[in-house]
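Enquirer: With the input below, show me the fold.
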Amino acid sequence: MNKQLLVNRFTKAANTYTREAIVQQKIASKMIGLLRSHLPANPPKRIVEFGCGTGIYSRLLLNTLQPEKLMLNDICSEMEHCCHDLLGDDVSFVAGDAETLCFPEKTELITSCSTLQWFEAPDAFFRRCNDSLQAEGYFAFTTFGQENMREIRQLTGNGLAYRSITELKKSLSSLYDIVYAEEEIIPMHFDTPMQVLYHLKQTGVTGTGRHAWTRQSLTHFCEQYDSRFTHNDRVRLTYHPIYIIAKKKKLKRDSQRKR
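Expert: The predicted structure is shown next:
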């Protein structure tokens, strides 16, 4: 995966992401509700959010959980400007690739919305997060499943290697107890295929693909999209969010420890 291309795409979309990322806003709002339902009564005081983007989820975290320390992280340094109104003594921003970045030790909650699908080695990241969490700390995230943007993948052959909810739970299971897991399908509808492409560009989720459109290929794409994915005179784009809340497993004491 070309992460520099990913940075470039999301940086260009920084000013339009919040307006266009309607589904991501719904996902962030739902995740906050799930955290309120499944975290302990005393909310975590030390929180890390990786892939904070323009701060949609960050603002909800700050207002709802009111942590003593919140570290925001994004691979795009430009996102610090998008979150400038949040930053202060209790809220910091650290630019960098979360897959290689060191999070503070004894963090109580590591969380993210709509980011993990971009990671190259999520299993290694799960282990690193576990190391940074305090005893029985929480790891909570949303990502996208295998039906995500299926229309684009079917027509262009391009798409991320999305993992299923079963695969994610299995990957987490050696280090975490799964507190909650859910997936859903959220369809968006547009008047034309060109509006679909505009939406993707404005949210930056064209990601790492280098697809170069010609007039002929664009016309063919739009014709095929209209033909295959139109319902009630509108075209569909599918989102497939997955929500997971996991808790760091208790350390097992060695019952056979020598005296």
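
Enquirer: For stretch 34-47, what does the pLDDT average out to?
Expert: With pLDDT averaged residue by residue, stretch 34-47 scores 96.

Enquirer: Now it: buried residues?
Expert: Of the residues in stretch 34-47, those scored as buried under the neighbour-count criterion (16 or more other CB atoms under 10 Å) are 34-35, 39, 43-44, 46-47. (Each C-beta comes from the backbone N, C-alpha and C, glycine too.)

Enquirer: ok, now stretch 181-197?
Expert: For stretch 181-197, the neighbour count (16+ other CB under 10 Å) marks 183, 190, 193, 196-197 as buried.

Enquirer: With stretch 163-179 instead?
Expert: Of the residues in stretch 163-179, those buried by neighbour count under the rule 16+ other CB under 10 Å are 163, 165, 168-169, 171-172, 175-176, 179.

Enquirer: quick one: which of these sit in helices?
Expert: The helices in this structure, assigned by DSSP state H, contain 165, 168-169, 171-172 from those.

Enquirer: if we can go back for a sec, any chance of the buried residues of stretch 34-47 in CSV, plus distance to residue 4?
Expert: Formatted as CSV, the buried residues of stretch 34-47 follow (distance: CB to CB, whole Å):
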residue, distance to residue 4
34, 33
35, 32
39, 36
43, 36
44, 33
46, 31
47, 28
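
Enquirer: can you map out the strands along the stretch 51-200 of the chain?
Expert: If DSSP state E, counting those that start in this stretch is used as the criterion, the strands of the stretch 51-200 of the chain fall at 69-74, 91-95, 107-113, 133-144, 176-183, 186-190.

Enquirer: Not counting sequence-adjacent ones, nearest residue to the residue most central in space within the chain?
Expert: The C-alpha lying nearest the average C-alpha coordinate of the chain belongs to residue 114 (CA atoms, centre = their mean; 1.8 Å). Once its chain neighbours are removed from consideration, residue 114 has its nearest residue in residue 24; the separation is 5.0 Å (CB to CB, 6 or more residues apart in numbering).

Enquirer: Please, which helix or strand holds that neighbour?
Expert: Element membership for residue 24, per DSSP states H and E: helix 22-38.

Enquirer: Give the next helix or strand downstream of that helix.
Expert: strand 46-50.

Enquirer: can you redo the buried residues of stretch 163-179 as a markdown table with distance to residue 241?
Expert: Below are these laid out as a markdown table (distance: CB to CB, whole Å):
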| residue | distance to residue 241 |
| --- | --- |
| 163 | 13 |
| 165 | 10 |
| 168 | 12 |
| 169 | 15 |
| 171 | 18 |
| 172 | 17 |
| 175 | 23 |
| 176 | 19 |
| 179 | 17 |
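
Enquirer: residues in contact with the nearest residue to residue 177 once chain neighbours are set aside?
Expert: The shortest distance from residue 177 to any residue that is not its chain neighbour, by CB to CB, 6+ apart, is 4.8 Å, and that residue is residue 247. For residue 247, the set of contacting residues under the criterion of CB atoms under 8 Å, 6 or more residues apart in numbering consists of 136-139, 176-177, 179.
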